[in-house]
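Enquirer: Sharing a model prediction with you, sequence too.
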Amino acid sequence: QVQLVESGGGLVQTGGSLRLSCVASGSIFSINVMAWYRQAPGKQRELVAAITSLGRKNYADSVKGRFTISRDGAKNTVYLQMNSLKPEDTAVYYCKANITPRLAHQSYDYWGQGTQVTVSS
């Protein structure tokens, strides 16, 4: 079984910072792309940032210059450093990883349970 567990969400004032973490655990052979998504009330889930196994990154236009995604391969962990937070960043943030389990012949997408980020004005 493969699990993703996020942490680091919370309540912060406008202009503040938070760092989200997501750890993948279980029977893992390899991890390909790791990404952060978010979903605000009444809106569709959207991609925030993604990072490949080679370290290539991409960001949503709305977070470029403010958020930084990184990963630690040895720890099967992806991070999202969020700076200069705005009220419109308020959402549930989800981690997603494309993982090839041990003994599997293909990769699968796995999701974490989500962590709430609330930015007060």
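Expert: Everything's here; your move. Remember, it's a predicted structure, so these values are computed and weren't measured experimentally.
Enquirer: do you know how far the closest residue in space to Lys43 that isn't next to it in sequence is from Ala74?
Expert: Leaving aside its sequence neighbours, Lys43 sits nearest to Ala91 (Cβ to Cβ, 6 or more residues apart in numbering; 7.9 Å). In short, each C-beta sits where N, CA and C put it, glycine included. In this structure, Ala91 lies at 29 Å from Ala74, with Cβ to Cβ, to the nearest Å as the measure.
Enquirer: If you count surrounding residues, which of those two has more?
Expert: Comparing Ala91 with Ala74 by other Cβ atoms under 10 Å, the one with more neighbours is Ala91, at 22 against 6.
Enquirer: roughly how far apart are that one and Gly55?
Expert: From Ala91 over to Gly55 the distance is 26 Å, taken as Cβ to Cβ.
Enquirer: Quick check: which element contains the residue sitting nearest the centre point of the chain?
Expert: Centroid-nearest residue in the chain: Trp36, 2.7 Å away (criterion: Cα atoms, centre = their mean). When secondary structure is defined by DSSP states H and E, Trp36 falls within strand 28-39.
Enquirer: Could you tell me which strands sit next to that strand in the sheet, and their orientation?
Expert: Listed by DSSP bridges, the sheet partners of strand 28-39 and their directions read strand 46-51 (antiparallel), strand 91-101 (antiparallel).
Enquirer: which other residues reach it?
Expert: Among residues not part of strand 28-39, those counted as contacts by Cβ atoms under 8 Å, 6 or more residues apart in numbering are 2, 20, 22, 24, 45-53, 69, 71, 73, 76, 78, 80, 89, 91-104, 107, 114, 117.
Enquirer: before we move on, what about stretch 44-63?
Expert: Counting by Cβ under 8 Å, 6+ apart, stretch 44-63 makes contact with 30-39, 67-71, 73, 78, 80, 82, 88-89, 93-94, all of which sit outside it.
Enquirer: Spit out the contact partners of the residue lying farthest from the centre of the chain.
Expert: Note on the chain: the largest C-alpha distance from the chain mean falls to Leu103, namely 25.9 Å (Cα atoms, centre = their mean). For Leu103, the set of contacting residues under the criterion of Cβ under 8 Å, 6+ apart consists of Ser27, Phe29.
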